[in-house]
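Chemist: Next one to model:
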Amino acid sequence: MSLVTSTIGQGLLWGILALGLYLSFRILNFPDMTVEGTFPFGAAVCVAALVRGVDPAIATLLSFIAGLGTGLVTGLLYTKGKIPILLAGILTMTGVYSVNLRILGKANVGLLNHATLLNAKFLTKLPANFPTIVVGLIFAICIVILLALFLNTDLGQAFIATGDNEKMTRSLGINTDNMKILGLMVSNGLIGLSGGLLAQNGGYADVNMGIGTMVIGLAAIIIGEVVYGKNLSLSARLVAVVVGSILYRLVLLLVLQLGFSTNDFKLISAIILALCLMLPLFQKKFHIHKIWKRGIEKP
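Modeler: As a prediction, this is how the structure comes out:
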């Protein structure tokens, strides 16, 4: 039971990263590689602040601000520097690695005996692993609500339109460059926040902890879409992303229980994502959807 509760808590925290990636990957249609630099950057900033005695709430906010910064850099490289988005993200990710080493002073810094959001007084009376679930739920619910409200404003609609049809959006007098920069900033801000929260949950920050995070986020998005389908409102899709993140962590837990090593997680993540991406092909080739629908309608 403790493994399941721990997995659900981690799924909620990783869901914040998936929400950030959803903004760039699904709404703006950007393959933003900054993710793998932003995640450890947010963790490094948060841990470095906590080690220096900064209040956990402020340290967590700093991880979000750090993510905003990397998103801004990538956005400026892409829109003003005219560097392709994929290369702009890689450049930012590469540069942030050295910044993380500067911030931490070494490759890995722990949080032993330091205060974090997860060991706040009101959480200490909860059973093991439940503080992670409570904190994860609070952040995930607040972020989903705020994103849903934002995306339904005029500014949010302009942001969505930029991803749908940039030429048409520009013809309406909307500055699409600003929309791209805004989207990349908010996206990476959430990813940096996720890094800060997961660093507090894990008790450390490592400069290499960003490797594979993009695959994890994409897997959560794709699993959420596979389970709930794409015919959802925008708000429901945000919820589906978080649920997809939890399901993904549960799948990894199942794999671990089957005897696989944690060293295989990256490979397994890639296989799961590949299978989910190929699911429409399988459905078309083997008529899976028709078979499933016939089974439901059968008396």
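Chemist: use CA for all of it now, contacts and neighbours both
Modeler: Fine.
Chemist: Ala43: neighbour count?
Modeler: Here the count is done by other Cα atoms under 10 Å, and Ala43 has 36 residues near it.
Chemist: For it, which residues are in contact?
Modeler: Ser63, Gly192, Leu193, Gly195, Gly196, Leu197, Leu198, Ala199, Ala205, Asp206 (Cα atoms under 8 Å, 6 or more residues apart in numbering).
Chemist: now swap in Ala88 and tell me
Modeler: Residues in contact with Ala88 (Cα under 8 Å, 6+ apart) are Thr34, Thr74, Leu77, Tyr78.
Chemist: Could you do Val144 as well?
Modeler: Contacts here follow Cα under 8 Å, 6+ apart; on that basis Val144 touches Ser235, Leu238, Val239.
Chemist: That one in helix, strand or coil?
Modeler: Three-state assignment for Val144 (DSSP: H, G, I helix; E, B strand; the rest coil): helix.
Chemist: any idea how far Leu238 is from it?
Modeler: Distance of Val144 to Leu238, computed by Cα to Cα, to the nearest Å: 6 Å.
Chemist: Restricted to helices, list the contacts of Ala88.
Modeler: Cross-referencing these against helices under DSSP state H gives Thr74, Leu77, Tyr78.
Chemist: you'd agree the first one is up against Leu184?
Modeler: Yes. Under the contact definition of Cα atoms under 8 Å, Thr74 touches Leu184, with a separation of 7.4 Å.
Chemist: Out of the ones in helices among the contacts of Ala88, flag the one nearest to Gly224.
Modeler: Thr74 (27.2 Å; Cα to Cα).
Chemist: Can you give me the separation between the closest one and Leu62?
Modeler: As for Thr74, its distance to Leu62 is 19 Å (criterion: Cα to Cα).
Chemist: more crowded one of the two?
Modeler: Neighbour count, other Cα under 10 Å: between Thr74 and Leu62, Thr74 has more, with 31 against 21.
Chemist: which residues of the stretch 151-299 of the chain fall in strands?
Modeler: Secondary structure of the stretch 151-299 of the chain (DSSP state E, counting those that start in this stretch): strands at 204-206.
Chemist: Low-confidence regions, it specifically.
Modeler: Counting by pLDDT under 70, the stretch 151-299 of the chain contains low-confidence ranges at 230, 280, 283-284, 286-299.
Chemist: need the helices for it, in chain order.
Modeler: Taking DSSP state H, counting those that start in this stretch as the test, the helices found in the stretch 151-299 of the chain are 154-164, 166-171, 176-202, 213-228, 234-257, 265-286, 288-297.
Chemist: As a markdown table, these with distance to Gly9 would be great.
Modeler: Output for the helices of the stretch 151-299 of the chain, formatted as a markdown table (distance: least, Cα to Cα, whole Å):
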| stretch | distance to Gly9 |
| --- | --- |
| helix 154-164 | 29 |
| helix 166-171 | 38 |
| helix 176-202 | 9 |
| helix 213-228 | 14 |
| helix 234-257 | 8 |
| helix 265-286 | 18 |
| helix 288-297 | 32 |
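Chemist: closest to Leu17 out of the ones you listed?
Modeler: Nearest of these to Leu17, taken as Cα to Cα: helix 176-202 at 4.5 Å.
Chemist: and that closest one, what does it pack onto?
Modeler: If you count contacts as 3 or more Cα pairs under 8 Å, 6 or more residues apart in numbering; DSSP states H and E, helix 176-202 packs onto helix 2-22, helix 35-51, helix 56-79, helix 154-164, helix 166-171.
Chemist: Would you mind finding the most buried of those?
Modeler: helix 35-51 (a mean of 30; mean count of other Cα atoms under 10 Å).
Chemist: which ones are touching the closest residue to Tyr204 other than its chain neighbours?
Modeler: Leaving aside its sequence neighbours, Tyr204 sits nearest to Gly110 (Cα to Cα, 6 or more residues apart in numbering; 4.1 Å). Gly110 makes contact with Val47, Gly203, Tyr204, Ala205, according to Cα under 8 Å, 6+ apart.
Chemist: To Ala57, which of the helices of the stretch 151-299 of the chain lies closest?
Modeler: For Ala57, the closest of those is helix 176-202, at 10.3 Å, according to Cα to Cα.
Chemist: what angle do the closest one and helix 56-79 make?
Modeler: Between helix 176-202 and helix 56-79, the angle formed by their directions is 140 degrees, by axes from the mean of the first three to the mean of the last three Cα atoms, to 10 degrees.
Chemist: buried stuff in helix 176-202?
Modeler: 176-177, 179-201 (16 or more other Cα atoms under 10 Å).
Chemist: contacting residues for Met209?
Modeler: Phe39, Pro40.
Chemist: meant to ask about Glu166
Modeler: Shown in contact with Glu166 (Cα under 8 Å, 6+ apart): Thr176.
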